[in-house]
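*Asks:* Pasting the sequence and the predicted model now:
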Amino acid sequence: MTRLKKPINYIEELLKKPETRTLGEKLQRKYHKWIKSLKIEDFCSFINLIEENKQLIGVAQFFGKFRAYSLEEYVYRLLREKCHIPERLGIYWGEKCLISKSNKAEYCMEADIIIGEKLGDCVKPRIVVDAKVELDASRLKTAIGTFMLIKQAHPNVKCFLVYLKRELNNILLHLASPWVDGIHCLHPKLDETRLFIESVQSCIFSQVT
């Protein structure tokens, strides 16, 4: 995984400051719990603690990226542990995804999670996952735009969108279906974690057989 700044680094920053040290210690315990169990309940307990202390954490960008990168790491660890990935493929977190066709100049853009083949500085994708803490119309449009670019270059790539909280209606989700191969909620109240893992694994098998 290549995120230059990971959730554990945000926790370490909180631990350095006297006013946030206690919060940092609590988050550290919860972090180590969920990376070991991979239970969505443990992960959401960690996220809830971040959200409950938004004012104490301070800077909006710090708060937003802390949550976003935490969800990405959860999805990365979940797929790495629960899916069988062929040796010639790898799973990558926050790396550059190749979105240009083979006969054109190379162009890559960052993606949350990619399963594919590493080619130099980029990854040729087989599966791409976009992770959103809150899924609203604006974030859905951003994800669709990314998936459209990827599928234009690689029509067989499967694109998944996962989220914790949804802030849009079913009609808009249905309209997104031509560009999204699966949309799954990762939250204890509507836990589609198992379905997400099974869907990704099925796509891996279908592409290697």
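*Replies:* Ah, there it is.
*Asks:* element containing H32, please.
*Replies:* In this assignment (DSSP states H and E), H32 forms part of helix 21-37.
*Asks:* Past that helix, which element shows up next along the chain?
*Replies:* Where DSSP H and E defines the elements, the next helix or strand beyond helix 21-37 is helix 40-52.
*Asks:* Could you figure out how far that following helix is turned away from helix 21-37?
*Replies:* Helix 40-52 runs at 160 degrees relative to helix 21-37, counting by axes from the mean of the first three to the mean of the last three Cα atoms, to 10 degrees.
*Asks:* Name the next helix or strand downstream of helix 40-52, please.
*Replies:* The C-terminal neighbour of helix 40-52 among helices and strands, as given by DSSP H and E, is helix 54-57.
*Asks:* That next one packs against which elements?
*Replies:* helix 60-82 (3 or more Cβ pairs under 8 Å, 6 or more residues apart in numbering; DSSP states H and E). The way it works is simple: take the backbone N, C-alpha and C, and place the C-beta from them, glycine included.
*Asks:* List of residues touching the helix it packs on?
*Replies:* For helix 60-82, contacts defined as Cβ atoms under 8 Å, 6 or more residues apart in numbering pick out 1, 3, 5-7, 10, 13, 34-35, 38, 43, 46-47, 50-51, 54, 57, 85, 91, 93-94, 112-113, 115, 129, 131-133, 162, 164, 186, 193, 197, 200-201.
*Asks:* Which of those fall within strands?
*Replies:* The strands, defined by DSSP state E, take in 91, 93, 113, 115, 129, 131-133, 162, 164 from the contacts of helix 60-82.
*Asks:* Of the residues you listed, which is the nearest to A176?
*Replies:* Nearest to A176 among these, counting by Cβ to Cβ, is K132 at 12.4 Å.
*Asks:* Can you work out which other helices and strands pack against the lowest-mean-pLDDT helix or strand in the chain?
*Replies:* Taking mean pLDDT, DSSP states H and E as the measure, the chain has helix 170-175 as its least confident helix or strand, at a mean of 88. For helix 170-175, the packing partners by 3+ Cβ pairs under 8 Å, 6+ apart come out as helix 137-153.
*Asks:* Please parse this protein into its domains.
*Replies:* Per automatic domain parsing, the structural domains of the chain span 7-79, 87-208.
*Asks:* Those: lowest mean pLDDT?
*Replies:* Lowest mean pLDDT within the domains of the chain: domain 87-208, at a mean of 92.
*Asks:* Just give me how far that domain sits from the chain centre.
*Replies:* 9 Å (Cα atoms, centre = their mean, to the nearest Å).
*Asks:* what's the answer for stretch 197-209, then?
*Replies:* Chain-centre distance of stretch 197-209: 18 Å, with Cα atoms, centre = their mean.
*Asks:* Same check on stretch 72-89?
*Replies:* That offset, for stretch 72-89, works out to 11 Å (Cα atoms, centre = their mean).
*Asks:* Output it as PDB, restricted to C-alpha atoms.
*Replies:* As requested, C-alpha coordinates have been extracted for stretch 72-89 and formatted as PDB (Å, rounded to 0.1, in the frame of the first residue of the first chain):
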ATOM      1  CA  GLU A  72     -10.000   3.000   2.100                       C
ATOM      2  CA  GLU A  73      -7.700   1.100   4.400                       C
ATOM      3  CA  TYR A  74     -10.600  -0.900   5.800                       C
ATOM      4  CA  VAL A  75     -11.600  -1.900   2.200                       C
ATOM      5  CA  TYR A  76      -8.000  -2.600   1.300                       C
ATOM      6  CA  ARG A  77      -7.400  -4.900   4.300                       C
ATOM      7  CA  LEU A  78     -10.800  -6.600   3.800                       C
ATOM      8  CA  LEU A  79     -10.200  -7.500   0.200                       C
ATOM      9  CA  ARG A  80      -6.600  -8.500   0.900                       C
ATOM     10  CA  GLU A  81      -7.600 -10.900   3.700                       C
ATOM     11  CA  LYS A  82     -11.000 -12.200   2.400                       C
ATOM     12  CA  CYS A  83     -10.400 -12.600  -1.400                       C
ATOM     13  CA  HIS A  84      -8.200 -15.000  -3.200                       C
ATOM     14  CA  ILE A  85      -6.100 -12.900  -5.700                       C
ATOM     15  CA  PRO A  86      -4.000 -14.700  -8.300                       C
ATOM     16  CA  GLU A  87      -0.300 -14.400  -8.000                       C
ATOM     17  CA  ARG A  88       0.100 -12.300 -11.200                       C
ATOM     18  CA  LEU A  89      -2.300  -9.700  -9.800                       C
END
